[in-house]
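1. Sequence and predicted structure, then a few things I'm wondering about:
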Protein chains: 2
Amino acid sequence: MLTTLTEENYLKAIYHISQSTQSEVSTNAIAQKIDAKASSVTDMLKKLADKNLITYIKYRGVHLTEKGRLAAVDIVRKHRLWEVFLVDKLNFAWDEVHDVAEQLEHIKSQKLINELEALLDFPTHDPHGDPIPDKNGQIHRTNKILLSQAEVGKSYTCVGVLDSSSDFLKYLDKYKIGIGTALQLEDKEDFDQSMNIIINDDAIVMSKAITNNIYVKLHKGN
Amino acid sequence: MLTTLTEENYLKAIYHISQSTQSEVSTNAIAQKIDAKASSVTDMLKKLADKNLITYIKYRGVHLTEKGRLAAVDIVRKHRLWEVFLVDKLNFAWDEVHDVAEQLEHIKSQKLINELEALLDFPTHDPHGDPIPDKNGQIHRTNKILLSQAEVGKSYTCVGVLDSSSDFLKYLDKYKIGIGTALQLEDKEDFDQSMNIIINDDAIVMSKAITNNIYVKLHKGN
DNA sequence: ATTAAAATTTAGATGAGTCTAAAAATATTT
DNA sequence: AAATATTTTTAGACTCATCTAAATTTTAAT
Ligand SMILES: [Mn+2]
Ligand SMILES: [Mn+2]
Ligand SMILES: [Mn+2]
Ligand SMILES: [Mn+2]
């Protein structure tokens, strides 16, 4: 039973929402993500339930079945592999890849995606630091924290971003922050949680809105 | 004014048919190519005419406007570039690329296709020997002839195929015939136009059905 | 020049995906 | 516990792309 492009987008939306919320996914949350009206979502939920891709109880929200989860993760896998391709092979910047990957993720060819993965040397993460699911739908999660949760006085490495909007990524570009950049947390202001960070020997101030969207892990060597 | 995937497929079909027929393209010819009923084609022709992509006179067939021609050629350009990508970078065989390219040709991103072209080193022909239109919709046609029209006693180089069905391409693979292969026309049978051809020092017999689908040009050095 | 055949268009219906407006169910406040 | 607000579903309609069956036009044959 083949899935349409639209169904794939719904599955992916449900998957991403369920990643953050853990519990059942609401109609409204999906509507917001998909940018559609709640009534349209209800219609689609019935279809996905008929195909056993989600379990759906009226008024109670939905969650993915194992079949649905695998379908969703497969789309995520394709999306992230294509993003790597665009950056590594086609000179795209990391803020330019998402929209094109949204199209490419729906191309149906098993051989295509397997060969693409090989061409890219089996990358583990996409240009935004998000893990790439393997063929079996397994995801290797690394223990990363938000920079806002980091401890004063310690050194970190940037390993990803939460918000991958073009605006935010361009902000990071401006201050030469990318995946792998070393960040030293000098100080944190109690009043507004803004942070003094040293990057490439430059000291900059980051608001909570910024530090809440940068993933880091403790730098090797303290 | 954006074109839908379906409209793009109709434009491409009309373009390809007009290449062989020269004159107006008939509703039935399109229906056959698209694998749809004639009534569906009529509906779409009205839409394409409204968008000034074709000129359409009831019962009299259609032809592409300049705007429509450019749109069609752009799809062809993408299709063929993707085919090169699949063969050169992803280890696809020349009989495996068409269906995937049918999907990829509809991806919308100018940067994507320009960068892809650069990654592939600006190829001039696709894996089946068909020319790749340039950014401006110009097509560099080489003077090739069908092997069936070749002269006995002369040597040729295979430069393309007319039929690029998997069945035909696998036949060519079996006899180690590909783009660039040298073919020497030894003899031609008057009765059925079958030919005796020498390839890689092997003599083989090809029926008219075969020689009618192989493009060749005179081998350099007579 | 009629008639028959073939090609094309129209009319009406269907399914996928969406919408608005109204109804129903659930959650929150008083 | 009622009243109110929010969320979700239903009902009915729309667009796109398709179909079948019938009507029309063009082409070919008598
Ligand atoms: Mn993305
Ligand atoms: Mn990403
Ligand atoms: Mn092709
Ligand atoms: Mn081709």
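-> Great, that's in hand. Ligands and ions are numbered 1, 2, ... in the order given.
2. where are the low-confidence patches of chain A?
-> Along chain A, the model assigns pLDDT under 70 to residues A:221-222.
3. Which segments of it make up each domain?
-> Per automatic domain parsing, the structural domains of chain A span A:5-64, A:145-218.
4. any idea how far the first one is from the chain center?
-> Per CA atoms, centre = their mean, to the nearest Å, the displacement of domain A:5-64 from the mean C-alpha position of its chain is 18 Å.
5. Please see if it touches chain B.
-> No - Domain A:5-64 stays out of contact with chain B when judged by CB under 8 Å from any CB of the partner chain, the minimum separation being 9.7 Å. For the C-beta atoms, the positions are set from N, CA and C on the backbone; glycine is no exception.
6. what are the ranges of the strands in chain A?
-> Here chain A has its strands, by DSSP state E, at A:54-56, A:62-64, A:145-146, A:155-161, A:182-188, A:195-199, A:202-206, A:214-218.
7. wait, which of these is closest to ligand 2?
-> Comparison of the strands of chain A against ligand 2 by CB to the ion identifies strand A:155-161 as nearest, at 8.7 Å.
8. Quick one: work out the angle between that closest one and strand A:195-199.
-> Inter-element angle recorded for strand A:155-161 and strand A:195-199: 90 degrees (by axes from the mean of the first three to the mean of the last three CA atoms, to 10 degrees).
9. Find the centremost residue of chain A, please.
-> The centre of chain A sits closest to A:Asp130, judged by CA atoms, centre = their mean, with a distance of 5.4 Å.
10. Near the residue lying closest to A:Asp192 once chain neighbours are set aside, how many other residues are there?
-> Across the structure, with CB to CB, 6 or more residues apart in numbering or on different chains as the measure, the residue nearest A:Asp192 apart from its sequence neighbours is A:Lys208 (6.4 Å). A:Lys208 sits with 15 neighbouring residues when counted by other CB atoms under 10 Å in any protein chain shown.
11. Please apply the same query to the one 10 residues further on.
-> In terms of burial, A:Leu218 registers 15 neighbours under the definition other CB under 10 Å.
12. A:Ser109 contacts B:Glu102, doesn't it?
-> No - A:Ser109 sits out of contact with B:Glu102 when judged by CB atoms under 8 Å, with a separation of 10.6 Å.
13. Tell me how far stretch A:125-136 lies from the chain's centre.
-> Relative to its chain's centre, stretch A:125-136 lies at 9 Å (CA atoms, centre = their mean).
14. Are the longest helix that chain A contains and DNA strand C in contact anywhere?
-> Across chain A, the longest stretch assigned as helix under DSSP state H is helix A:66-88. No - counting by CB under 7 Å from any atom of the strand, DNA strand C is not contacted by helix A:66-88; separation bottoms out at 13.8 Å.
15. buried set for that helix?
-> Neighbour-count burial for helix A:66-88, with 16 or more other CB atoms under 10 Å in any protein chain shown as criterion, is recorded at A:68-69, A:71-87.
16. now do stretch A:31-49
-> The neighbour-count criterion (16+ other CB under 10 Å) identifies A:31, A:33-34, A:36, A:41, A:44-45, A:48-49 as the buried residues of stretch A:31-49.
17. ok, now stretch A:92-99?
-> Under the neighbour-count criterion of 16+ other CB under 10 Å, stretch A:92-99 has A:92, A:94-98 buried.
18. Within range of chain B, give me the residues from chain A.
-> If contact is defined as CB under 8 Å from any CB, the residues of chain A in contact with chain B are A:86, A:89-92, A:96, A:99-100, A:103-104, A:107-109, A:111-112, A:115-116, A:119.
19. residue ranges for the helices of chain A, please.
-> Defined through DSSP H, the helices belonging to chain A, from first to last, are A:5-21, A:27-34, A:38-50, A:66-88, A:97-104, A:110-119, A:166-174, A:208-211.
20. next one: phi and psi at the closest residue to A:Lys78 other than its chain neighbours?
-> The spatial neighbour of A:Lys78 that comes closest, neighbours along the chain excluded (CB to CB, 6+ apart), is A:Glu105 at 4.4 Å. Comment: the main-chain dihedrals of A:Glu105 come out as phi -60, psi -20, following degrees, to the nearest 10.
21. just the one 4 residues further on next, same as before
-> When read as degrees, to the nearest 10, the backbone of A:Ser109 gives phi -170, psi 110.
22. List the contacts of it.
-> When contacts are counted by CB atoms under 8 Å, 6 or more residues apart in numbering or on different chains, A:Ser109 is found next to B:99-100, B:103.
23. correct me, but A:Ile17 touches A:Ala29?
-> Yes - in terms of CB under 8 Å, A:Ile17 counts as a neighbour of A:Ala29; the distance is 5.1 Å.
24. Against A:Gly68, how distant is A:Asn52?
-> Between A:Asn52 and A:Gly68 the distance, using CB to CB, to the nearest Å, works out to 8 Å.
25. What parts of chain A come near DNA strand D?
-> Residues of chain A found near DNA strand D (CB under 7 Å from any atom of the strand) are A:26-29, A:38-39, A:41-43, A:45-46, A:56, A:58-61.
26. tell me which of those is nearest to chain B?
-> Of all those, A:Asp43 has the smallest distance to chain B: 21.6 Å, by CB to the nearest CB.
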